[in-house]
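A structural model of the following input is requested.
(chains A and B)
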There are 2 protein chains.
Amino acid sequence: MFKKSFLKKIAKQESVAPGYLEKNFKKGKIVIPLNKTKEIKKPTAIGEGLRVKTNTNIGTSTERREVEDELKKLHIAIECGTDTVMDLSVGGNIAKIRREIIQRSTIPVGTVPIYEAALQAERQKMTFEAMSFDTLWDVLVQQAKDGVDFFTIHAGILKKSLKMIQKKKRVGGVVSRGGAILSRWMYVNQRENPLYENFDKILELAKNYNITLSLGDALRPGAIADSTDRLQLSELYVLGELVKRCRKRGVQVMVEGPGHIRLDEIGFNVWLQKRVCNGAPFYILGPLPTDIAAGYDHITASIGGALAALWGADFLCVVTPAEHLRHPSIDDIKDGVIAAKIAAHSVNLLRFKEEWKKDYQISLYRAKRDWQKLFPLTIDEKKARGYRQTTDIASDICTMCGEFCSLKISEHCNLLK
Amino acid sequence: MFKKSFLKKIAKQESVAPGYLEKNFKKGKIVIPLNKTKEIKKPTAIGEGLRVKTNTNIGTSTERREVEDELKKLHIAIECGTDTVMDLSVGGNIAKIRREIIQRSTIPVGTVPIYEAALQAERQKMTFEAMSFDTLWDVLVQQAKDGVDFFTIHAGILKKSLKMIQKKKRVGGVVSRGGAILSRWMYVNQRENPLYENFDKILELAKNYNITLSLGDALRPGAIADSTDRLQLSELYVLGELVKRCRKRGVQVMVEGPGHIRLDEIGFNVWLQKRVCNGAPFYILGPLPTDIAAGYDHITASIGGALAALWGADFLCVVTPAEHLRHPSIDDIKDGVIAAKIAAHSVNLLRFKEEWKKDYQISLYRAKRDWQKLFPLTIDEKKARGYRQTTDIASDICTMCGEFCSLKISEHCNLLK
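Presented below is the predicted three-dimensional model:
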């Protein structure tokens, strides 16, 4: 699938031995989302023993269709260090937007093809419920040709899932947009999930273009009250089966996970996903350990994401402060990416000397109050500088402790390295 | 120490059985910081099996001396739900500022008396190194009379600690302000820590005024590179001994902890503190699992705080985004308190049905897109409303998914509770 020299380059970038990367890539414990029709500047590997990666969702909504804004989001997300983006556009000329994003992106781009298919059906037949697999197939093929690197495929939600949920209703219902679209489609048409029924065909396409499948968790809980419920777990078992089918066909696969999870269940969720999905990379959407913090859900997600990553989650989806409230602004995207990067780095520094050294260097400069050397190493140089610039202090101390600066005193007592 | 009726009231407020509260209060696993000379509107209990509490540090610095600003911080911190405040003033007329804060505070107020003593010595004798125990004692007595509810006492840093740190130097040195002042004092005067030498006398005062002692962790690591090092642990063992002396004398005591801790060592740190200090309430300062996020350390601290609380830490100290950069503004305080509250609530909802219900209610209203009922339940109503108001959408959906709103679709498929 990839040349040896390419894998070697990736191994170097990831600070792991080429043998380690190759072995675990073959086992499916590591994926490298990269459509075979193109090359990108910053490919990335996701999975066991590597740095925890982050993905940022961008894209228009039916209410917000400015492609320029989405390209700005792409730019800022990359600048802040996101490893991949997903174009989740559902408004405007989404084929054109996607191509623009792919063309400008230096990192892998993912999509959820069911969105475009649903939108086409709605535009052509007035309702997305009229979507046919033919429409969906055309979209999949077109997106593959356009160079999408990974597809979210919600093939784990089945007709029987709807019956389960109707019997024991959920507080949060189905919060996955793709999952909700498929639920409605199955409910109205009384037919099985077309992504599940045509999974082999999708595998063939994915194989031909080397598209990584990201198995969507359509039934992820969207409320703490639904955390780790039967529906979520029943879908996870279906995803575990689909992982096997992907691997058998030689298709790269990762698995998406919740969502809203109680803090004391996050570790278990990661453990179970790894177990049921045979070590497939775990792409986790948050998780949010509380529902009460709308407006601050980037913080909530960074708590959940850090804990999940510590337990072995490989890929964190950025949650912005606008989550649950509005389509994110450019600033929201920035805040979200940085919060996710803090979570990821908290774990990465435990695994890689190169990452640990960042903290070490900053601490050395901090102890010396060498602000000019410190700032460029922080996660957001401009922000850190800005805080200091609002103060009128000229000396090496800061306005917090002033002359009682503990570090200056430490220095005077000869306590510093 | 407290009347039975008062303990009963506190038990009710804490949603625990009066017998549970009383038993663990007697054992010292729960403290209720409240100076006996006064009453306050919102007393609080801190410790095992109770809601995780938060403290907010306010107070002037040598560079920022506006008492009005500090009173505004007091106000906003209480409004955002902090359970206690500490007045850490070291600038201006700090006796007057403290009295103002105590007078206006509806919640317990803590201080670090060594600050005032050092400042007095500096003002009278040109250097804080000239501080005598007499000065310190006068400050302690005056603060006790003023109605301070808890004192941070850095009695665990000893002369021999300085030798240890000089032998094996630390990246972050001593980052505790009180610890640094005492280090310098011991270094220059070549004498033992006066708080340690006079601990019995301090206990007597604390006993007389029912002041809770918060044993300061002067040697907490201030860098990931120093996480859980020998110095930190050697101080913890001294604190464990001091806890015994407090309890023997009938003085309420809690123990402060780091600081900067590797994410994978947070659980161990909490476990060890509880073990070494015989279950004394654990007041944790962060912890920060990475050093790279200056400007966003409220987020870093909420990751660390949530994990610490999950493992049993009882009391989280607010870290603001200005940490390491400047004296915090009023907005910084607000951001810090909310981040700490998110961390605390993520654990509290696991322990108390009353807390869990908040998430449950919000999720119900969220599923119904009943924004007007949802907003008042969120952690910051104004913020959540603000996000929605920036969008021009009038219907029940939001600009994120628009007509593809998963919850609206869930409703149409009869999937919601």
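
Going by C-alpha atoms from here, please, whenever you check contacts or count neighbours.
Will do.

Tell me the buried residues in stretch A:116-127?
A:116, A:117, A:118, A:119, A:120, A:121 (16 or more other CA atoms under 10 Å in any protein chain shown).

now do stretch A:58-66
Buried residues in stretch A:58-66 (16+ other CA under 10 Å): A:58, A:59, A:60, A:61, A:62, A:63, A:64, A:65.

Spell out the secondary structure type for the closest residue to residue A:412 other than its chain neighbours.
Spatial nearest neighbour of residue A:412, excluding adjacent residues (CA to CA, 6 or more residues apart in numbering or on different chains): residue B:184 at 7.7 Å. Here residue B:184 takes the helix state, with states given by DSSP: H, G, I helix; E, B strand; the rest coil.

Report whether the expected contact of residue B:184 with residue A:415 is present.
No - between residue B:184 and residue A:415 there is no contact under CA atoms under 8 Å: 10.0 Å.

of those two, who's got more company?
Higher neighbour count among residue B:184 and residue A:415: residue A:415, with 25 against 21, using other CA atoms under 10 Å in any protein chain shown.

give me every residue that touches that one.
Counting by CA atoms under 8 Å, 6 or more residues apart in numbering or on different chains, residue A:415 makes contact with B:162, B:165, B:166, B:169, B:170, B:173, B:174.

which of the residues you listed lies closest to residue B:220?
Using CA to CA, residue B:174 comes nearest to residue B:220 of the contacts of residue A:415, at 7.3 Å.

Test my guess that the closest one contacts residue B:181.
No - Residue B:174 is not in contact with residue B:181 according to CA under 8 Å; the separation is 9.5 Å.

which residues are common contacts for these two?
Residues touching both residue B:174 and residue B:181 (CA under 8 Å, 6+ apart) are residue A:406.

hang on, the earlier thing: now, the buried residues of stretch A:116-127 that are in helices?
A:116, A:117, A:118, A:119, A:120, A:121 (DSSP state H).

Who's the closest spatial neighbour of residue A:144, skipping the chain neighbours?
Counting by CA to CA, 6+ apart, residue A:209 is the residue found nearest to residue A:144 once chain neighbours are left out, at 6.5 Å.

show me the contacts for that neighbour.
Here residue A:209 is in contact with A:35, A:36, A:37, A:144, A:145 (criterion: CA under 8 Å, 6+ apart).

Return the distance of it relative to residue A:247.
15 Å (CA to CA, to the nearest Å).

Can you give me the neighbour number for residue A:39?
Look at residue A:39: counted by other CA under 10 Å, it has 13 neighbours.

wait, doesn't residue A:59 sit right on residue A:72?
No - in this structure, residue A:59 is not within contact of residue A:72 by CA under 8 Å, at 10.6 Å.

Report how many residues lie close to residue A:329.
A total of 17 residues lie near residue A:329 under the criterion other CA under 10 Å.

follow-up on the earlier one: restricted to helices, list the contacts of residue A:415.
Per DSSP H, these map to helices at B:162, B:165, B:166.

right, and the last one touches residue A:412 too?
It refers to residue B:166. No - counting by CA under 8 Å, residue B:166 does not reach residue A:412; the two are 11.8 Å apart.

near chain B, which residues of the stretch 101-250 of chain A?
Within the stretch 101-250 of chain A, the residues that sit near chain B (CA under 8 Å from any CA of the partner chain) are A:162, A:165-166, A:169-177, A:179-181, A:183-184, A:187, A:222-225.

Just the buried ones among these, please.
Burial by neighbour count, judged by 16+ other CA under 10 Å, picks out A:162, A:165-166, A:169-177, A:179-181, A:183-184, A:187, A:222-225 from those.

In what element of secondary structure is residue A:292 found?
Using DSSP states H and E, residue A:292 sits in no helix or strand.

If I look at it, what pLDDT would I see?
The model reports residue A:292 with a pLDDT of 98.

List the contacts of residue A:325.
Per CA under 8 Å, 6+ apart, neighbours of residue A:325: A:294, A:295, B:384, B:387, B:388, B:398, B:399, B:400.

Please repeat the previous calculation with a cut-off of 10 Å.
The contact partners of residue A:325, by CA atoms under 10 Å, 6 or more residues apart in numbering or on different chains, come to A:294-295, B:366, B:371, B:384-389, B:391, B:397-400.

and if you look at residue A:296?
Counted by CA under 10 Å, 6+ apart, residue A:296 has contacts A:319-323, A:335-336, B:299, B:335, B:338-339, B:342, B:378-380, B:383-384.

Same check on residue A:384?
A:371, A:374-376, A:378, B:293-296, B:321-322, B:324-326.

Which members of the residues you listed are classed as buried?
Using 16+ other CA under 10 Å, the buried ones in these are A:371, A:374-375, A:378, B:293-296, B:321-322, B:324-326.

residues near the residue in the stretch 201-350 of chain A positioned nearest to chain B, how many?
At 3.9 Å from chain B, residue A:327 is the closest residue in the stretch 201-350 of chain A, using CA to the nearest CA. Neighbours of residue A:327 under the rule other CA under 10 Å: 25.

so what's residue A:255 closest to, chain neighbours aside?
residue A:215 (4.8 Å).

any idea how far residue A:246 is from that neighbour?
From residue A:215 across to residue A:246, the span is 10 Å (CA to CA).

likewise residue A:27?
Counting by CA to CA, the gap from residue A:27 to residue A:246 is 12 Å.

Over to residue A:301?
Residue A:301 is 29 Å from residue A:246, by CA to CA.

who has more neighbours, the two?
residue A:301 (30 against 23).

my read: residue A:206 touches residue A:246, true?
Yes - using CA atoms under 10 Å, residue A:206 and residue A:246 qualify as a contacting pair, with a distance of 9.3 Å.
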